[in-house]
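Trainee: coords please:
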Amino acid sequence: MIGKTISHYKILEKLGEGGMGAVYKAQDTKLDRIVALKFLPKHLLCDEEAKTRFVHEAKAASALDHPNIATIYEIDEAQGECFISMSYIQGKSIKELIKEKEIKGWDMGKIINVAIQMAEGLSKAHQKGIVHRDIKSDNIMLTDEGLVKIMDFGLAKLKGAPKVTRTGSTVGTVAYMSPEQAQGMEVDQRSDIFSLGVILYEMITSQLPFKGEHEAALIYSIVNENSEPLTTYTSDVPDELARIVEKTMEKNLEMRYQHADDLCADLTKLKTKLEMGVTRTQATAAKPMPSIAVLPFTDLSAAKDQDYFCDGMAEEVINALTKLESLRVVARTSAFVFKDKREDIREIGRKLNVETLLEGSVRKAGNKLRVTAQLINVSDGYHLWSEKYDRDMADIFAIQDEISLAIVDKLKVKLLRDEKTALVKRYTDNLEAYNLYLKGRYHWNKRTPEGLTKAIEYLRQVTEKDPGYALAYAGLADCYSMLEQAHVLPAKEAFPEAKKMAAKALQIDETLAEAHNSLAYVRWKYDWDWVGAEREFLRAFELNPNYATGHQWYAVYLADMGQTDEAIKEIKKAQELDPLSLIINIASASILTCARQYDQAIEQCRKTLDMDPNFVVAHLPLGWIYEQKEMYEEAIEEYLKAEAFFGRLGPEEVAALREAYAVSGWRGYWQKHLDILKQQSKQRHIAASDIAWDYIHLGEKDQAFKWLEKAYQERDPVLCSLKTDPIFDSLRPDPRFKALLKKMGLEK
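Mentor: Sure, this is the predicted structure:
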């Protein structure tokens with residue numbers, strides 16, 4: 001071909017060859033320009049499907065006029081050759097740049113810039129109803145000027161055009177395929193987004209995310225396995241970029257980016273943050289961060305029946321402020337400790353370690369509202385700002401916005417580009433739905449079985465009144481997750497519903513931190529999707545860095561993963577945000593126990609009980625710790641206090657256990673405990689892990705493993721702590737234990 005002239009194109013040199021043809025550099029003698037000519041191989045000239053696909057490529061790409069898509073000039077047949085004339089791109093493919101290790105020298109900003117251009121080009125194609133279906137690093141060219149060009153639309157799917165491949169057939173390059181494409185299913189623009197994610201992963205790590213020795217094994221990996229975290233290969237990846245990559249390669253179509261525009265927006269935001277030096281991994285300025293606690297508003301209504309509304313007002317302001325990175329906001333749990341208490345402002349500030357307090361009141365009569373709010377400087381008790389609002393109920397959202405913005409102004413908090421939007425974001429305009437939502441959250445905060453059930457009733461009503469109210473679905477997700485913990489529903493009934501609700505919330509609003517936390521909890525406790533859980537936790541922190549419960553859950557997750565040093569650091573963040581939270585403080589004791597720091601764990605339990613002697617939940621971890629220190633009598637006392645609180649044992653059963661310990665010691669206690677649980681299992685659900693726990697104490701390993709296997713089948717959340725909980729130490733040398741860890745993905 002070199003030296004020949006086909007039509008008005010003189011062939012200069014061969015550039016490359018693929019399954020759908022060879023590409024040559026050529027001189028356009030009519031217009032005196034250099035072009036690239038792609039020829040259909042001669043052996044395919046008689047293949048109607050191949051020829052149709054070739055024409056199809058030209059039509060698809062020529063319909064697109066975008067700087068990140070290679071330009072098609074014409075398609076023609078001459079001298080027995082069928083060819084496409086396109087722009088000649090002076091540069092290299094992403095695949096070549098990776099192979100030649102040129103990308104290794106790039107910073108993350110440059111990689112993100114390339115990804116943005118790819119997303120912009122795909123967005124244009126998708127707007128025109130064109131799905132590429134063969135996005136891969138070979139098909140992405142980078143010009144010498146740094147401009148991305150998407151090539152090779154030969155496998156593109158055009159909306160409304162006749163199909164050029166048989167139904168159920170798989171087209172494309174397997175290593176870059178989405179799960180649905182690899183399985184021969186119908187695909188849409190989200191499949192291209194998945195493939196773009198694979199390229200982004202490849203650019204960052206120089207590795208493909210999914211591997212297999214042959215095509216079938218590779219397809220299995222794409223459909224069923226998670227990629228290795230980016231941090232396995234490099235420590236320079238910002239958390240936000242890791243989340244973006246994970247989301248592009250999400251196997252669940254509904255959880256993946258739905259449009260290339262959304263991906264482009266996230267990448268652009270991240271690029272801006274990197275340029276401003278604002279990333280999660282960077283150190284913050286030395287200047288002390290402003291801090292605030294929002295106290296529960298006082299109900300001044302004549303009927304004193306607006307408790308839920310007053311709490312909701314304060315909680316809404318807290319939730320708005322927590323989205324600001326440069327303001328430390330004390331969590332609801334700690335702030336609400338001071339509800340209905342007349343305590344000195346300075347003392348409250350000292351206990352919560354904050355510089356400012358917001359307090360207020362609500363008087364509600366029919367459709368009329370009077371809301372007062374005062375921002376107080378803790379050090380001297382002076383008001384920094386105060387306001388009174390006499391409005392209609394319909395103005396409640398505007399009042400909340402005004403209060404939040406006034407706080408930001410008076411504390412001189414600098415808002416980042418997207419933070420003002422987040423601060424005044426409105427989730428519903430339906431006042432009835434909003435009122436029901438406040439009632440639902442009010443009951444959820446009680447954390448009792450009755451409270452959770454009541455919360456679900458209210459939140460279900462919310463979704464009927466306003467199906468687009470994302471926060472209501474996030475609330476339902478939290479309720480269903482807690483139903484398992486409250487022993488109301490078994491894991492297999494509670495968690496799938498929680499996951500469905502979290503997914504629905506994120507489908508409505510992907511930027512909802514609460515829903516990412518809810519989803520993280522399900523992926524951790526039920527799906528045992530360790531990578532997916534961490535990704536959701538980190539995404540939630542980007543959206544809401546002050547969510548104390550999220551930091552608590554993530555800390556316990558890290559402990560389950562064996563990362564106890566990191567877990568201790570993370571639980572300290574939760575304690576800073578919510579210093580008076582009993583559950584966060586006792587979670588700290590549990591993490592210290594997993595780290596085998598028993599004396600510090602005992603101290604933490606005692607500190608928690610000093611805060612509230614009636615917080616019986618603290619007795620269970622205290623029993624674990626005493627057991628590890630072989631202080632068996634003390635351990636028994638703590639276990640019995642906890643058992644009575646959780647309602648599993650009545651007075652007669654507690655007495656029987658005491659007698660068993662007095663007569664037959666430690667073993668006698670656990671044998672009696674086992675007998676009681678087996679008897680109770682005839683009337684109610686007893687978790688298999690509870691039975692396994694008793695057999696572990698009795699030293700009956702075969703029975704322990706039998707019940708642990710049942711717990712595995714039940715998706716028992718207790719098994720998440722297998723890797724680090726000292727309760728399982730006696731089983732660790734047994735090969736069956738290692739096999740269980742591998743089966744759960746906790747060890748390789």
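
Trainee: how many neighbouring residues does Ala503 have?
Mentor: 19 (other C-beta atoms under 10 Å). Any C-beta I mention is one placed from the backbone N, CA and C, and that applies to glycine too.

Trainee: what sits against it?
Mentor: Contacts of Ala503 were listed using C-beta atoms under 8 Å, 6 or more residues apart in numbering, and they are Asn252, Glu254, Met255, Leu519.

Trainee: check Leu196 too.
Mentor: Ala115, Met118, Ala119, Leu122, Ile135, Thr248, Ala260, Leu263.

Trainee: could you do Lys110 as well?
Mentor: Applying C-beta under 8 Å, 6+ apart, no residues contact Lys110.

Trainee: is it true that it lies in a helix?
Mentor: Yes: counting by DSSP: H, G, I helix; E, B strand; the rest coil, Lys110 is found in a helix.

Trainee: on the pLDDT front, check it for me.
Mentor: At Lys110, the model reports a pLDDT of 90.

Trainee: thought Asn113 was touching Thr272?
Mentor: No: Asn113 is beyond contact range of Thr272, at 11.8 Å (criterion: C-beta atoms under 8 Å).

Trainee: what segments of the stretch 51-200 of the chain are helices?
Mentor: Here the stretch 51-200 of the chain has its helices, by DSSP state H, counting those that start in this stretch, at 94-99, 108-127, 179-182, 189-205.

Trainee: grab the nearest non-local neighbour of Gln604.
Mentor: Ala589 (4.0 Å; C-beta to C-beta, 6 or more residues apart in numbering).

Trainee: contacting residues around that neighbour?
Mentor: Counted by C-beta under 8 Å, 6+ apart, Ala589 has contacts Ala601, Ile602, Gln604, Cys605, Thr608, Ala618, Pro621, Leu622, Ile625.

Trainee: do Tyr437 as well
Mentor: Tyr437 touches Gly312, Thr428, Tyr458, Leu459, Val462, Tyr469, Leu471, Ala472, Gly475, counting by C-beta under 8 Å, 6+ apart.

Trainee: so how far is the helix or strand encompassing it from its chain's centroid?
Mentor: Using DSSP states H and E, Tyr437 falls within helix 431-444. From the chain centre to the centre of helix 431-444 is a distance of 25 Å (C-alpha atoms, centre = their mean, to the nearest Å).

Trainee: next one: stretch 623-632
Mentor: Per C-alpha atoms, centre = their mean, the centroid offset for stretch 623-632 relative to its chain is 36 Å.

Trainee: and that stretch, what's buried?
Mentor: Gly623, Trp624, Ile625, Tyr626, Glu627, Gln628, Met631 (16 or more other C-beta atoms under 10 Å).

Trainee: likewise stretch 256-272?
Mentor: 256-260, 262-264, 266-267, 269-271.

Trainee: how about it as CSV, C-alpha atoms only?
Mentor: Output of stretch 256-272 as CSV, limited to C-alpha atoms (Å, rounded to 0.1, in the frame of the first residue of the first chain):
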residue,chain,number,x,y,z
ARG,A,256,-22.8,3.5,39.0
TYR,A,257,-22.6,7.0,37.5
GLN,A,258,-25.7,7.3,35.4
HIS,A,259,-24.4,9.9,33.0
ALA,A,260,-20.9,10.9,31.8
ASP,A,261,-21.8,14.5,32.8
ASP,A,262,-22.1,13.5,36.5
LEU,A,263,-18.7,11.8,36.3
CYS,A,264,-17.2,14.9,34.6
ALA,A,265,-18.7,17.2,37.3
ASP,A,266,-17.1,15.1,40.1
LEU,A,267,-13.7,15.0,38.4
THR,A,268,-13.8,18.7,37.8
LYS,A,269,-14.6,19.4,41.4
LEU,A,270,-11.8,17.2,42.5
LYS,A,271,-9.4,18.9,40.1
THR,A,272,-10.4,22.3,41.6
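
Trainee: ok, residues contacting it?
Mentor: Residues from elsewhere that reach stretch 256-272 (C-beta under 8 Å, 6+ apart): 109, 112-113, 115-116, 119-120, 122-123, 126, 189-190, 192-194, 196, 238, 240-241, 244, 247-250, 417-418, 510.

Trainee: stretch 741-748: which residues count as buried?
Mentor: Buried residues in stretch 741-748 (16+ other C-beta under 10 Å): Leu741, Leu746.
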